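Participant: sequence? don't have it. structure:
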């Protein structure tokens, strides 16, 4: 049996856990949930699913539809290849095991993996010159010591794995554990499972405030109602800083815009998620300026997804033709066969950027009753299940299996001035 399924079959009583307190409020009722999750993207959905399975009563609220934010504009990456050794890679390894286990779970006459188009196709990271290849080799060696599978592929053998790849590459590494999922399907099915475990999902209901009582957060106020709860989980993605500010605490998450091109459906051309080693540096960069690096992968529907761009321009949703041209040019350099392929659409989204490139996880000591699961930037889909596991363990009083200290919400300094 998989790691995910064996772990999640651990019995839980329906007691009030140590970190969840019923609100001390005149508006509280016997039906007040243990947990309100703010955000119905992939992270909120995963947390709602695992918290419900752990025995907590859960209500999910979102200002828009399910996956209406970052998740709906994601490529579906579940990656180890782009993670430097450290807390994020530890979380990615945990989450990768969770995804593989959940993929095999029977669901509605199929499996969860098939329903969400989970592809265990692996990744291929390539370098265009000796210096980039040397850096990639050093990274792979450090990753392997922690359990990442990274297989060196000489330049003259890369086309055995990707026949249409340019010959202008020095070498690369294959990462068999990398996966791809259809993120909107994944979030929707996780919320379906949460509902089956008793959760309530409220969409198109913006949170306008947090309820307070006895020195702690005791629920949320939406445009339609007050929802008293034992605890509130901030899983609001790129808008998580605004939710934190309602409690008077600072979580410096900012939107980092990115574009994706989608080609016409094609015969199978690209077997892995393929990207240049430069992409790893772009992910780790603190620059607010535009950065692009070639990232190309096929989908089960036959379309090819082309990225990746990053820039901090606030919540500016304008389409940038120069960025789209750069993405197309980068993809053609990597796969010349795409030169005459039609692009049928482009979309953009906002990654929840955190200054130290680590997510914000766990209880906030500055605002008791408020917990966070946000700030994953472009890795939220891949990290969602591991995040949900750690957050649920924290909420139910279990020792988290990964130290939450590097992800602590109060690591950024002072509270928001009142």
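Facilitator: Received it, and whenever you're ready, just let me know what you need. Computed from a predicted model, the values in this text were never measured in an experiment.

Participant: tell me which helix or strand of this protein sits lowest on mean pLDDT?
Facilitator: Using mean pLDDT, DSSP states H and E, the weakest-scoring helix or strand in the chain turns out to be helix 3-8, at a mean of 31.

Participant: And the next helix or strand past it?
Facilitator: Heading C-terminal from helix 3-8, the first helix or strand you meet, by DSSP states H and E, is strand 35-38.

Participant: so how far is that following strand from its chain's centroid?
Facilitator: Put simply, strand 35-38 sits 18 Å off its chain's centre (CA atoms, centre = their mean, to the nearest Å).

Participant: before we move on, what about stretch 68-80?
Facilitator: That offset, for stretch 68-80, works out to 6 Å (CA atoms, centre = their mean).

Participant: That stretch: end-to-end distance?
Facilitator: Taking CA to CA, to the nearest Å, stretch 68-80 runs 26 Å from one end to the other.

Participant: Likewise for stretch 81-89?
Facilitator: End-to-end distance of stretch 81-89 (CA to CA): 9 Å.

Participant: So for it, mean pLDDT?
Facilitator: For stretch 81-89, mean pLDDT is 97.

Participant: One more: stretch 45-55?
Facilitator: 98.

Participant: got the contact list for it?
Facilitator: For stretch 45-55, contacts defined as CB atoms under 8 Å, 6 or more residues apart in numbering pick out 8, 12-14, 34-35, 37, 58, 60, 66, 186-188, 190-191, 193-194, 197-199, 201, 233, 235, 373, 384-385, 387-389, 391-392, 395-396. (C-beta placed from N, C-alpha, C; glycine too.)

Participant: Check stretch 382-391 too.
Facilitator: Contact partners of stretch 382-391, identified using CB under 8 Å, 6+ apart, comprise 4, 7, 42-43, 45-47, 49-51, 77-79, 88, 91-96, 98-99, 102, 179, 233, 359, 361-362, 371, 373, 376, 380, 400-402, 404.

Participant: now swap in stretch 394-408 and tell me
Facilitator: Contact with stretch 394-408 is made by 12, 17-20, 34-35, 51, 54-56, 86-87, 90-91, 94, 231, 233, 358-363, 371, 386, 389-390, 393, as judged by CB under 8 Å, 6+ apart.

Participant: where do the helices sit along the stretch 151-300 of the chain?
Facilitator: Remark: helices assigned in the stretch 151-300 of the chain by DSSP state H, counting those that start in this stretch are 158-161, 183-196, 240-246, 278-284.

Participant: Just put these in TSV and tack on mean pLDDT, distance to residue 133 and mean neighbour count.
Facilitator: Shown next, in TSV, are those (pLDDT from 0 to 100; distance: least, CB to CB, whole Å; neighbours: other CB atoms under 10 Å):
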stretch	mean pLDDT	distance to residue 133	mean neighbour count
helix 158-161	97	11	16
helix 183-196	98	31	21
helix 240-246	97	37	21
helix 278-284	71	12	18
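
Participant: Ok, which of those comes nearest residue 265?
Facilitator: With distances scored as CB to CB, the stretch of those nearest to residue 265 is helix 183-196 (18.0 Å).

Participant: tell me what that closest one is packed against?
Facilitator: Contact analysis of helix 183-196 by 3 or more CB pairs under 8 Å, 6 or more residues apart in numbering; DSSP states H and E lists helix 42-53, strand 58-61, helix 112-115, strand 200-202 as its packing neighbours.

Participant: Go again with 6 Å.
Facilitator: Helices and strands touching helix 183-196, as assessed by 3 or more CB pairs under 6 Å, 6 or more residues apart in numbering; DSSP states H and E, comprise helix 42-53.

Participant: Report the distance from the helix it packs on to the chain centre.
Facilitator: Taking CA atoms, centre = their mean, one finds the center of helix 42-53 at 13 Å from the center of the full chain.

Participant: phi, psi of residue 411?
Facilitator: Main-chain torsions, residue 411, degrees, to the nearest 10: phi -80, psi -10.

Participant: For the spatially closest residue to it that is not a sequence neighbour, pull up the helix or strand it's in.
Facilitator: Leaving aside its sequence neighbours, residue 411 sits nearest to residue 356 (CB to CB, 6 or more residues apart in numbering; 7.6 Å). Using DSSP H and E, residue 356 is not contained in any helix or strand.

Participant: Return the distance of residue 356 relative to residue 252.
Facilitator: Residue 356 sits 9 Å away from residue 252, going by CB to CB, to the nearest Å.

Participant: Ok, residue 331 next?
Facilitator: According to CB to CB, residue 331 stands 33 Å off from residue 252.

Participant: Among the contacts of stretch 394-408, name the buried ones.
Facilitator: The neighbour count (16 or more other CB atoms under 10 Å) marks 17, 19-20, 34-35, 51, 54-56, 87, 90-91, 94, 231, 233, 358-363, 371, 386, 389-390, 393 as buried among the contacts of stretch 394-408.

Participant: What confidence value was assigned to residue 292?
Facilitator: pLDDT recorded at residue 292 is 83.

Participant: just checking, it touches residue 326?
Facilitator: Yes - with contact defined as CB atoms under 6 Å, residue 292 counts as touching residue 326 (4.6 Å).

Participant: The two - which one has more neighbours?
Facilitator: Shown here are residue 292 and residue 326; by other CB atoms under 10 Å, residue 292 has more neighbours (23 against 18).

Participant: who's in contact with residue 63?
Facilitator: Residues in contact with residue 63 (CB atoms under 6 Å, 6 or more residues apart in numbering) are residue 206.

Participant: Can you name the helix or strand that it falls in?
Facilitator: In this structure, residue 63 sits in neither a helix nor a strand according to DSSP H and E.

Participant: measure residue 261 to residue 294 for me?
Facilitator: Taken as CB to CB, the span from residue 261 to residue 294 is 11 Å.

Participant: who has more neighbours, those two?
Facilitator: In this view residue 261 and residue 294 are compared by other CB under 10 Å, and residue 294 has more residues nearby, 25 against 22.

Participant: got a list of what the more buried one touches?
Facilitator: Contacts here follow CB under 6 Å, 6+ apart; on that basis residue 294 touches 276, 330, 331, 334.

Participant: Nearest residue to the first one in space, ignoring adjacent ones along the chain?
Facilitator: What it means is residue 276. Of all residues not flanking residue 276 in the chain, residue 294 sits nearest, at 5.0 Å (CB to CB, 6+ apart).

Participant: so where does the closest residue to residue 378 other than its chain neighbours fall, helix or strand?
Facilitator: Spatially, and ignoring its direct neighbours in sequence, residue 378 is nearest to residue 351 (4.6 Å; CB to CB, 6+ apart). Assessed by DSSP H and E, residue 351 sits inside strand 343-353.
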